[in-house]
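Participant: fold the stuff below for me.
(one chain, ligands or ions: 2)
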Amino acid sequence: MSPGQHLELEKRIAVEAVTQAARLCQAVRAEMARSNAWESLEKDDRSPVTVADFGSQALICHYVNRVFPRDPIVGEEDSAALQASANASRLAQVTQYVRRFFPQATTEEICHWIDIGKGTIAGRFWTLDPIDGTKGFLRNDQYAIALALIEDGKVQLGVLGCPALPVRLDEPDGPTGVIFVAVRGGGAFAAPLDASIDEAAYVPIHVVQPTQRNEWRFVESVEAAHGNPMLQETVAQAVGFTRPPLRMDSQVKYGAVARGDAALYLRLPSPGQPDYREKIWDHAAGALIVEEAGGCVTDVYGYPLNFAAGYRMKTNRGVVASNGVLHLAVIEALRKQ
Ligand code: AMP
Ligand code: MG
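Facilitator: Ligands and ions are numbered 1, 2, ... in the order given. Model prediction:
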């Protein structure tokens, strides 16, 4: 990992928390695939949430809060739906999974840990998506556990656990499980998900360079409704992409740009939801990892992402993440649309 002590303790805790949460998610996916309990709940916005989302949030909030009790955590989930009597069996399952890590934990404590994630934005705070890409998780595709530390509106630390990501994209049947870590000013690193933080397994990662431009790919969501696939294709072609897009769920897309699998990630506003504003936990960790790998991340107008304006990025529209070299051409192509 990078030299220097800056945010060293925060980084260690974040990596440990995300690694353990990833183990919980992998266990849920492996063990519950054919059981009823696997069915997800539906939140008010009709997005799915599973036993693993709650378990992951409980673990990560507990790991972070016991070392940094004064730091607010702005997380995606809360325990209200889980505590409804109709969901008692799900709550029991969440408890069972979290107890594999903390055998003494009670159901009440676990709900409290989940609700530590109901913090609000402050000068220094964490933001957490316990499972980003829940639809991918349910489909047996990609998902990510995303944790970031924000100070004065700037992401200072980003950790992305990607349990289903091949260690090498060109070996889809090879080993899977990657963790990405970046501290501002310290570069971006990746390691197999089961590596210890002290291991030499962490290697610096870099965005793809401008050689072999014809080989470049761009990446977009699997869920067409989370972007504008037609316009994404048009813009990508306008800046010279000829190959079909990679499609991946979650912030794994940022990891793909950061390690050079793709040169560009386009997330243009969905025509079906023109008023949608992106949520900070869907972007904070990934954005820093791309920037520290040498890339550039802005909204579709070229403005920096604003992580201090609320849990929704009210002042931004969509996201463009690139290897940097391409960025201005993409923003220019978007301006002409
Ligand atoms: P992805 O896996 O990249 O497609 O993104 C998953 C995330 O998309 C979820 O965490 C949601 O918060 C977010 N999402 C839901 N609806 C939209 C939308 N209309 N536009 C952009 N993102 C959305
Ligand atoms: Mg998400």
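
Participant: show me what residue of this protein gets nearest to ligand 2.
Facilitator: Of the residues in the chain, the one nearest ligand 2 is residue 132, at a distance of 3.7 Å by Cβ to the ion. (Glycine included, C-beta is placed from N, CA and C.)

Participant: and the residue of the stretch 1-150 of the chain found nearest ligand 1, how close does it get to residue 297?
Facilitator: Per Cβ to the nearest ligand atom, residue 133 is where the stretch 1-150 of the chain lies closest to ligand 1, at 3.9 Å. According to Cβ to Cβ, to the nearest Å, residue 133 and residue 297 sit 18 Å apart.

Participant: neighbour count: those two, which is higher?
Facilitator: A direct count of neighbours by other Cβ atoms under 10 Å for residue 133 and residue 297 places residue 133 higher, at 28 against 23.

Participant: still on that earlier bit, pretty sure the residue of the stretch 1-150 of the chain closest to ligand 1 is touching residue 253, no?
Facilitator: No - with contacts counted by Cβ atoms under 8 Å, residue 133 stays clear of residue 253, the gap being 9.3 Å.

Participant: find residues that contact each of the two.
Facilitator: Counting by Cβ atoms under 8 Å, 6 or more residues apart in numbering, residue 133 and residue 253 have no contacts in common.

Participant: does the residue of the chain closest to ligand 2 touch residue 148 like I think?
Facilitator: No - in this structure residue 132 lies outside contact range of residue 148 using Cβ under 8 Å: 11.3 Å.

Participant: between the two, which contacts overlap?
Facilitator: residue 281.

Participant: which stretches of the stretch 1-150 of the chain form helices?
Facilitator: Along the stretch 1-150 of the chain, the stretches classed as helices by DSSP state H, counting those that start in this stretch are 8-32, 51-67, 88-99, 107-116, 134-138.

Participant: reformat those helices as TSV; add mean neighbour count.
Facilitator: Below are these laid out as TSV (neighbours: other Cβ atoms under 10 Å):
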stretch	mean neighbour count
helix 8-32	20
helix 51-67	27
helix 88-99	18
helix 107-116	20
helix 134-138	21
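
Participant: could you dump these to TSV with mean pLDDT?
Facilitator: As requested, the helices of the stretch 1-150 of the chain are exported to TSV (pLDDT from 0 to 100):
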stretch	mean pLDDT
helix 8-32	95
helix 51-67	97
helix 88-99	95
helix 107-116	98
helix 134-138	92
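
Participant: ok, now which ones touch the spatially closest residue to residue 309 that is not a sequence neighbour?
Facilitator: Nearest residue to residue 309 in three dimensions, chain neighbours excluded: residue 315, at 5.4 Å (Cβ to Cβ, 6 or more residues apart in numbering). Taking Cβ under 8 Å, 6+ apart, we find residue 315 in contact with 303, 306, 309.

Participant: ligand 1 versus residue 315, what's the distance?
Facilitator: For residue 315, the distance to ligand 1 equals 16 Å [Cβ to the nearest ligand atom, to the nearest Å].

Participant: doesn't that residue belong to a strand?
Facilitator: No - checked against DSSP: H, G, I helix; E, B strand; the rest coil, residue 315 lies outside a strand; its state is coil.

Participant: per-residue confidence for it?
Facilitator: If you check residue 315, the pLDDT there is 96.

Participant: please state the backbone phi and psi of it?
Facilitator: Backbone torsions of residue 315, given as degrees, to the nearest 10, read phi -90, psi 0.

Participant: re the thing from before, need the pLDDT of the closest residue to the residue of the stretch 1-150 of the chain closest to ligand 1 other than its chain neighbours.
Facilitator: Computed as Cβ to Cβ, 6+ apart, the closest residue to residue 133 that is not its neighbour in sequence is residue 250, at 2.8 Å. The model reports residue 250 with a pLDDT of 98.

Participant: pretty sure residue 250 contacts residue 145?
Facilitator: No - look at residue 250 against residue 145 with Cβ under 8 Å: they stay out of range, at 9.2 Å.

Participant: anything in contact with each of these two?
Facilitator: residue 132.

Participant: and the two? Which one has more around it.
Facilitator: When residue 250 and residue 145 are compared for neighbours, residue 145 comes out ahead with 34 against 29, by other Cβ under 10 Å.

Participant: which residues does that one bridge with?
Facilitator: Residue 145 has these beta-bridge partners by DSSP bridges: residue 161.

Participant: re earlier: and the residue nearest to residue 133, how far is that from residue 271?
Facilitator: For residue 250 relative to residue 271 (Cβ to Cβ), the value is 22 Å.

Participant: which residue is the nearest non-sequential neighbour of residue 285?
Facilitator: residue 158 is the one closest to residue 285 (Cβ to Cβ, 6+ apart), at 3.5 Å.

Participant: surely the one you found and residue 290 touch.
Facilitator: No - in this structure residue 158 lies outside contact range of residue 290 using Cβ under 8 Å: 9.2 Å.
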